[in-house]
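Participant: What follows is a predicted protein model with its sequence.
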Number of protein chains: 2
Amino acid sequence: MSARSRVPGEQDFLAAYHPADFPVFAVTVDMALFTVRAGVLCTLLVQRAEHPYLGYWALPGGFVRAGESVEAAARRELAEETGTPFAGHLEQLRTYGDPGRDPRMRVVSVAHVALAPDLPDPVAGGDAGSARWWATEDMRVPGGTGVPGAPDAGGADAEVPELAFDHGQIVADALERVRAKLEYTTLATGFVSEPFTLAELRRVYLAVWGSAPDLGNFRRKVLGTAGFVVPAERSPDPAAGLAGGRPPLLYRRGSASALRPPMLRPG
Amino acid sequence: MSARSRVPGEQDFLAAYHPADFPVFAVTVDMALFTVRAGVLCTLLVQRAEHPYLGYWALPGGFVRAGESVEAAARRELAEETGTPFAGHLEQLRTYGDPGRDPRMRVVSVAHVALAPDLPDPVAGGDAGSARWWATEDMRVPGGTGVPGAPDAGGADAEVPELAFDHGQIVADALERVRAKLEYTTLATGFVSEPFTLAELRRVYLAVWGSAPDLGNFRRKVLGTAGFVVPAERSPDPAAGLAGGRPPLLYRRGSASALRPPMLRPG
DNA sequence: TCAATAGTGTCTGTCAGACAGTATGTG
DNA sequence: CACATACTGTCTGACAGACACTATTGA
């Protein structure tokens, strides 16, 4: 950027520049926000209160504002939905820009994946008529089979949301991204709040993959990977004593992010 | 999509809809196109003939047209640069949309990664002043160290292009994507033209990673992975006899796309 | 016969899958 | 004590790293 000023004539050019005839787009962000609640992988959806797709469920999102970066727009939307500055993991997924995906006008949406530990029920208000967590397993998603084998949140005849726009495809792509990153990164720690036990961390894999790695092998992999987790002080927490059994050791997230070699999904 | 028409009032709403006051963007595609030429990983750049960044080198790309999908725009740009419909691998990389990345107006660019075997020198003409292949190793890229150990195309004091916009960052991200995908997919076969030898395929890894896997282990992995490559008929090609030595077996791309477990980079 | 390229065999360590066992808490 | 949860040990097979070896061509 700093080297640009040395091009002769550029300032004059820019001063005289007027946008030419190119197509005009709206740019939005859509957030596939995941959390694990009671052992079930959940996705946040909002029910549309306006046309098009009135009454359908959609990913939270909105327009990118003038002067606002795409990532800033994503964080703003997350903060609006959760009521606090977003502290979890956020990454870009991909951009969906087919003509006709929004019947109003030409919109390209930069979809993101976000995840955080055990988020509360969404705050009321906002531009959405209503917002709630849905078990990702229950969402009818293109090519997706849900999460077979995971604890069932709503039974076989649970409600299923009808998704607006191409948001079913976005959820499917986001879910596959999260499943894949659990294999070769330490992303799973982003689903648990600190301090956490290894059993809690393993239940994240169960919720996301639908099956958990063998207990012993899982412990060996996690504890044998430098920086995956670090021991935490044993809290004098008596509230955890609701279940009889040996009290578990506690851990916090480590500094490592990659897993080499990866932890492969069973099956 | 077909279920939408059942929402009462939607057609009326859309008929009366006028775009509200939201920011207006231009949407472009930028193509990080890779090929291997004479054992060297190369990237196509075009020299800008206009402000801003006049004289700087940029990734080929352009505006997405009205009614055109983002992927169609990417394929159109590739065809314009190479002179033929693009037959290689194409995938979306990520979207770059920081305000200020283009001084003229607000632009979000959907960057793509493309690769193909041994592409020829670019065709003259087009909107670019000139286009040429650059050794990816020679490109000054944020956080990048080039490809140490690979055959050197231009010597230690080779020319280095100065990149326009944030294209240095895009090239760095694209290179890392390709390097990573060589580990867990069969993407490397997209760099060689059929039929190919295992030595040629291995030289792809050398060019992209800067170091090649051990010969014996590489053959074991490739031939032991069902669908990575399939044997081709031994061509009666006498032109290949320019070098003394045992004539190699020939292969074609197989149907497999994933490598489980992956082939890890050395180092 | 030599040089040059292609291809094979094998030893070894690492690590994941499978699963049986031990430890430590509560009622 | 039984019981529940947490944690450890170990056998085995798959596979990658390292490297020595054989094969087939042309000059």
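Facilitator: Good, I have the coordinates.
Participant: longest strand in chain A, by residue count?
Facilitator: strand A:26-37 (DSSP state E).
Participant: Is the residue of the stretch 51-200 of chain A at minimum distance from DNA strand D part of a helix or strand, or is it coil?
Facilitator: In the stretch 51-200 of chain A, the residue found nearest to DNA strand D is A:A199; the distance is 3.9 Å by C-beta to the nearest atom of the strand. All C-beta atoms are positioned from the backbone trio N, CA, C, and that covers glycine. Three-state call for A:A199 (DSSP: H, G, I helix; E, B strand; the rest coil): helix.
Participant: so who does it touch?
Facilitator: A:A199 makes contact with A:P248, according to C-beta atoms under 8 Å, 6 or more residues apart in numbering or on different chains.
Participant: hang on, A:G245 in a helix?
Facilitator: No - per three-state DSSP, A:G245 lies outside any helix segment and is coil.
Participant: What is the neighbour count of it?
Facilitator: 6 (other C-beta atoms under 10 Å in any protein chain shown).
Participant: how close does it sit to DNA strand D?
Facilitator: 3 Å (C-beta to the nearest atom of the strand, to the nearest Å).
Participant: which residues does that residue contact?
Facilitator: Taking C-beta under 8 Å, 6+ apart, one finds nothing in contact with A:G245.
Participant: Look up the closest residue to A:D102, ignoring the ones flanking it.
Facilitator: Computed as C-beta to C-beta, 6 or more residues apart in numbering or on different chains, the closest residue to A:D102 that is not its neighbour in sequence is A:F165, at 6.4 Å.
Participant: Tell me if that neighbour really is in a strand.
Facilitator: No - the assignment for A:F165, made by three-state DSSP, is coil rather than a strand.
Participant: For the closest residue to DNA strand C within chain A, grab phi and psi.
Facilitator: Minimum separation of chain A from DNA strand C (C-beta to the nearest atom of the strand) falls at A:G216, amounting to 2.7 Å. A:G216 has phi and psi values of phi -60, psi -40 when expressed as degrees, to the nearest 10.
Participant: mind checking how far it is from chain B?
Facilitator: 20 Å (C-beta to the nearest C-beta, to the nearest Å).
Participant: What is the burial count for A:A174?
Facilitator: As a burial measure, A:A174 scores 28 neighbours (other C-beta under 10 Å).
Participant: Over to A:A226?
Facilitator: Burial of A:A226 is recorded as 9 neighbouring residues (other C-beta under 10 Å).
Participant: is it true that it touches A:A256?
Facilitator: Yes - judged on C-beta atoms under 8 Å, A:A226 makes contact with A:A256 at a distance of 6.4 Å.
Participant: okay, the angle between the longest strand of chain A and strand B:26-37?
Facilitator: Interaxial angle, strand A:26-37 versus strand B:26-37 (axes from the mean of the first three to the mean of the last three C-alpha atoms, to 10 degrees): 80 degrees.
Participant: Each with direction, which strands does strand A:26-37 pair with?
Facilitator: Paired neighbours of strand A:26-37 in the sheet (DSSP bridges): strand A:40-47 (antiparallel), strand A:61-63 (antiparallel), strand A:107-115 (parallel).
Participant: after the second one comes which helix or strand?
Facilitator: If I follow you right, that is strand A:61-63. Remark: after strand A:61-63, the chain's next helix or strand is helix A:70-82, criterion DSSP states H and E.
Participant: quick one: the helix or strand following that following helix to helix A:70-82, angle?
Facilitator: Using DSSP H and E, the next helix or strand after helix A:70-82 towards the C-terminus is strand A:89-96. Taking the same axes, to 10 degrees, one finds strand A:89-96 and helix A:70-82 inclined to each other by 110 degrees.
Participant: right, quick check: strand A:89-96 against chain B, any contact?
Facilitator: Yes - Strand A:89-96 is in contact with chain B by C-beta under 8 Å from any C-beta of the partner chain, via A:Q92, A:R94, A:T95.
Participant: and what of stretch A:260-267?
Facilitator: Yes - shown here: stretch A:260-267 in contact with chain B (C-beta under 8 Å from any C-beta) through A:R260, A:P261, A:P262, A:L264.
Participant: pLDDT of that stretch, averaged?
Facilitator: Computed over stretch A:260-267, the mean pLDDT rounds to 92.
Participant: now do stretch A:103-114
Facilitator: pLDDT averaged over stretch A:103-114 gives 96.
Participant: try stretch A:171-186
Facilitator: 98.
Participant: Now do stretch A:205-224: distance to the chain's middle.
Facilitator: Computed by C-alpha atoms, centre = their mean, to the nearest Å, the separation of stretch A:205-224 from the middle of its chain amounts to 21 Å.
Participant: again but with stretch A:110-125, I slipped
Facilitator: Using C-alpha atoms, centre = their mean, the offset of stretch A:110-125 from its chain centre is 7 Å.
Participant: on that earlier part again, just the pLDDT at the residue of chain A closest to DNA strand C, thanks.
Facilitator: Looking at A:G216, its pLDDT is 98.
Participant: Report how many residues lie close to A:V24.
Facilitator: Using other C-beta under 10 Å, A:V24 is surrounded by 14 other residues.
Participant: now the strands paired with strand A:26-37 in TSV, with mean neighbour count and distance to A:A72?
Facilitator: Converted to TSV, these look like this (neighbours: other C-beta atoms under 10 Å in any protein chain shown; distance: least, C-beta to C-beta, whole Å):
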stretch	mean neighbour count	distance to A:A72
strand A:40-47	23	19
strand A:61-63	20	12
strand A:107-115	25	12
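Participant: Now tabulate those strands in TSV and tack on distance to A:V29.
Facilitator: Listed next are these as TSV, based on distance: least, C-beta to C-beta, whole Å:
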stretch	distance to A:V29
strand A:40-47	14
strand A:61-63	5
strand A:107-115	5
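Participant: Tell me which residues touch A:R37, please.
Facilitator: A:D118, A:L119, A:W133.
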